[in-house]
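Q: return a 3D structure for these sequence lines:
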Amino acid sequence: METLGLLAGIGHLPVDVAQSAKKLGYKVVAIAVVADTDPELPENADVFYTINVGKVGKILQTLKQHDVKNVTMIGKVTKEVLYKNGVMIPDLTTIRVLASLPDRKDDTIMNAIVKLIEDEGMHVMDQTVLIQPLLPEPGVLTKRKPTEQEWEDMRFGFRMAKELGRLDIGQTVVVKNRAVMALEAIEGTDACILRGGFLGKGGVVVAKTAKPAQDNRFDMPSVGTTTLTSMIHAGATGIVIEAGRTLLVDRKRTLAMAEEKGITIVSMSESELV
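A: Here you go, the predicted model:
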């Protein structure tokens, strides 16, 4: 039985990955690298550890201890942990990695971690390999279709999110009447949505896309019930995600929540903007 190393962040995605991997015959060694990972994760893994993301050396040692050959990194780990006192106390391996970086963009950090893992003889897998069904095809996913104004905001927001991703700053944009209310940076998707809703005084539309140069081994954009909760608090009326390149997590519950609150969800491909 081949062993999969699962480096888990916040959200339900790590659980989905663990369940899928076990169905395919993997033994799953899950390592929660942040606090507040999904409480269902330990029961869905064969072996479970909690090791802070700042202890990269210990994480690598643990993976090798279990003879892990394939690794997947899934779930939310915001870069904010680098700047909060006490949240991350780095070990020497982490300090060396951070000191070697030319900047602290998301992709710069993640590529350095991937290289470190692969230098140890392990392979970092494409995140989508085990959860392909979570990537929706193009179309309106909810019963309520967008209004004409929402369609305009979705197309506009999609373009803005793509440009934001090209700069490797974030993947989420909040718009209203084809004006940008908020752009995601270090604070993450949910805080961006809440800020955009406050500034737009409700009635906003959210756009979330993959980066033009998205590396599928890490940081795949995802939307789920937590995103919907933030949208409800922000008074958002709709969200557009990129078809085939954005993960729709816990689809049944997410769509049910959207239907209940009258939120429209659209999966759009970039070719539709032409």
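Q: show me where pLDDT drops low in the stretch 51-200 of the chain?
A: Counting by pLDDT under 70, the stretch 51-200 of the chain contains low-confidence ranges at 79-88.
Q: can you show me the helices along it?
A: For the stretch 51-200 of the chain, the helices defined by DSSP state H, counting those that start in this stretch occupy 56-65, 92-100, 106-119, 148-166, 189-200.
Q: any chance of those in a markdown table, with mean neighbour count and distance to residue 218 too?
A: Yep, even glycine has a C-beta here, placed from its N, CA and C like the rest. Shown next, in a markdown table, are the helices of the stretch 51-200 of the chain (neighbours: other Cβ atoms under 10 Å; distance: least, Cβ to Cβ, whole Å):
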| stretch | mean neighbour count | distance to residue 218 |
| --- | --- | --- |
| helix 56-65 | 18 | 14 |
| helix 92-100 | 14 | 15 |
| helix 106-119 | 16 | 5 |
| helix 148-166 | 20 | 14 |
| helix 189-200 | 21 | 16 |
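Q: make a markdown table out of those helices and add distance to residue 77.
A: Formatted as a markdown table, the helices of the stretch 51-200 of the chain follow (distance: least, Cβ to Cβ, whole Å):
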| stretch | distance to residue 77 |
| --- | --- |
| helix 56-65 | 12 |
| helix 92-100 | 13 |
| helix 106-119 | 9 |
| helix 148-166 | 18 |
| helix 189-200 | 13 |
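Q: minimum distance to residue 16: which of those helices has it?
A: helix 189-200 (18.0 Å; Cβ to Cβ).
Q: tell me the helices and strands packed up against the closest one.
A: Counting contacts by 3 or more Cβ pairs under 8 Å, 6 or more residues apart in numbering; DSSP states H and E, helix 189-200 is packed against strand 172-176, strand 179-183, strand 205-208, helix 225-234.
Q: right, so of the ones you listed, which gets closest to residue 66?
A: Taking Cβ to Cβ, helix 225-234 is the member of the helices and strands packed on helix 189-200 nearest to residue 66, at 30.0 Å.
Q: gap between the helix or strand just after that closest one and the chain center?
A: Per DSSP states H and E, the first helix or strand lying C-terminal to helix 225-234 is strand 238-242. Centroid separation for strand 238-242 versus its chain: 14 Å, with Cα atoms, centre = their mean, to the nearest Å.
Q: so what touches strand 238-242?
A: Under the criterion Cβ atoms under 8 Å, 6 or more residues apart in numbering, residues 136, 146, 150, 153-155, 157-158, 205-210, 221, 223, 227, 231, 248, 263-270 lie in contact with strand 238-242.
Q: check those residues for burial and list the buried ones.
A: 136, 146, 150, 153-155, 157-158, 205-210, 221, 223, 227, 231, 248, 263-268, 270 (16 or more other Cβ atoms under 10 Å).
Q: for residue 89, which non-adjacent residue is spatially closest?
A: residue 54 (5.5 Å; Cβ to Cβ, 6 or more residues apart in numbering).
Q: residue 40: neighbouring residues, count only.
A: 14 (other Cβ atoms under 10 Å).
Q: show me what contacts the nearest residue to it once chain neighbours are set aside?
A: Sequence neighbours aside, residue 15 is the residue nearest to residue 40 in space, at 4.9 Å (criterion: Cβ to Cβ, 6+ apart). Residues near residue 15 by Cβ under 8 Å, 6+ apart: 38, 40, 41, 44.
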